[in-house]
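1. I need the structure of the sequence given here:
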Amino acid sequence: MAAATLTQPAKRRRIKAATLFDHAVLILGALFMIVPLVMVFQMTTVPDVEIIKTGPSFVIGDQLDENFRKAMFEASGFSGENSGTNMLVNSFILGIGFAVGKIVIGMMAAYAIVYFRLRFATLAFWMIFTTLLLPLEVRILPSYEVVQRLGMLNTYQGLIIPLIASATATFFFRQYFRSVPEELVEAARIDGAGPVKFFVDILVPLSKTMIAAMFIIMFVYGWNQYLWPTMITTEEDMFTLVRGIKQITQVMEGNRIPEYGRANLLAIIAIIPPVFVVIFFQSWFVKGLTESDK
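-> Predicted coordinates for the structure are as follows:
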């Protein structure tokens with residue numbers, strides 16, 4: 001008994017030390033990611049001249065309101081049409097268009113591969129899947145030429161349509177549809193449900209967690225696009241946030257005072273929507289990638 005009582009406090013001490021170590025690692029990791037964001041935020045609260053003189057610091061200034069007004073509502077550029085609000089709207093259209101388009105096409109392709117008796121369905125799937133090996137840079141020139149010939153430069157259609165085919169979404173939806181019990185398919189067939197009715201009334205509701213997971217991935221992918229919008233958009237009223245921030249930072253190469261406050265505030269604003277999407281769909285995202293029971 002005495003030995004047992006002596007070992008219990010030592011065990012509790014070991015558990016406590018391990019817990020402290022785990023929390024210390026988590027805190028250091030969080031600080032490693034948060035401190036740069038804090039410094040970026042600090043540069044949005046002080047005049048640009050002070051940043052040039054003293055550099056980044058942790059002293060909060062009083063220029064946040066002024067920089068926010070300039071970032072969101074003050075027009076800039078040659079045409080004066082690329083305000084932060086307009087770029088934010090363009091980014092939302094691009095992100096949502098990417099997400100919705102890739103989900104719809106991915107679901108339809110996976111549905112055809114899994115449920116239709118196609119002779120070369122497996123070959124078609126692997127051909128789609130191997131396109132993951134081809135980055136955007138490989139096919140950007142042919143895609144640009146097609147968009148230009150179709151007259152879709154500086155349009156939302158040109159931004160969204162050429163890139164909405166997604167091998168990733170097709171792969172995940174194919175795996176998800178293959179896990180649907182065969183008895184459910186037979187029951188729907190007995191009840192007289194055709195292919196369209198089965199897809200809309202049964203598969204789509206069953207796939208809501210997977211749809212949410214794909215929406216997060218594809219929205220963030222579309223929101224962060226830089227190369228394709230740079231190729232397609234030459235008119236400033238079609239610039240996205242990522243594209244517009246780059247244009248603002250190009251001032252640093254000239255002899256004008258760089259607009260650190262405006263550019264950094266737009267960078268922070270560009271972070272917020274993807275973070276909210278991830279937080280809002282977090283539980284569905286985990287279920288969509290891990291859940292196997294239907």
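
2. which residues touch stretch 122-129?
-> Stretch 122-129 has contacts (C-beta atoms under 8 Å, 6 or more residues apart in numbering) with 109, 113, 118, 167, 170, 171, 174. (Glycine included, C-beta is placed from N, CA and C.)

3. only the buried subset of the residues you listed, as a ChimeraX command please.
-> Only the buried members of the contacts of stretch 122-129 enter the following ChimeraX selection, criterion being 16 or more other C-beta atoms under 10 Å:
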select :109,113,167,170,171,174
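
4. can you redo the contacts of stretch 122-129 as a markdown table with distance to residue 29?
-> Formatted as a markdown table, the contacts of stretch 122-129 follow (distance: C-beta to C-beta, whole Å):
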| residue | distance to residue 29 |
| --- | --- |
| 109 | 39 |
| 113 | 41 |
| 118 | 48 |
| 167 | 32 |
| 170 | 34 |
| 171 | 31 |
| 174 | 35 |
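
5. now do the SS call for residue 82.
-> Here residue 82 is recorded as coil under DSSP: H, G, I helix; E, B strand; the rest coil.

6. so what's it up against?
-> Contacts of residue 82 by C-beta under 8 Å, 6+ apart are 75, 76, 236, 237, 239, 244, 247.

7. JSON lines for these, including pLDDT, distance to residue 30 and neighbour count?
-> Putting the contacts of residue 82 into JSON lines (pLDDT from 0 to 100; distance: C-beta to C-beta, whole Å; neighbours: other C-beta atoms under 10 Å) gives the following:
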{"residue": "75", "pLDDT": "71", "distance to residue 30": "38", "neighbour count": "15"}
{"residue": "76", "pLDDT": "67", "distance to residue 30": "35", "neighbour count": "19"}
{"residue": "236", "pLDDT": "83", "distance to residue 30": "38", "neighbour count": "21"}
{"residue": "237", "pLDDT": "84", "distance to residue 30": "39", "neighbour count": "16"}
{"residue": "239", "pLDDT": "88", "distance to residue 30": "33", "neighbour count": "24"}
{"residue": "244", "pLDDT": "81", "distance to residue 30": "30", "neighbour count": "27"}
{"residue": "247", "pLDDT": "73", "distance to residue 30": "32", "neighbour count": "16"}
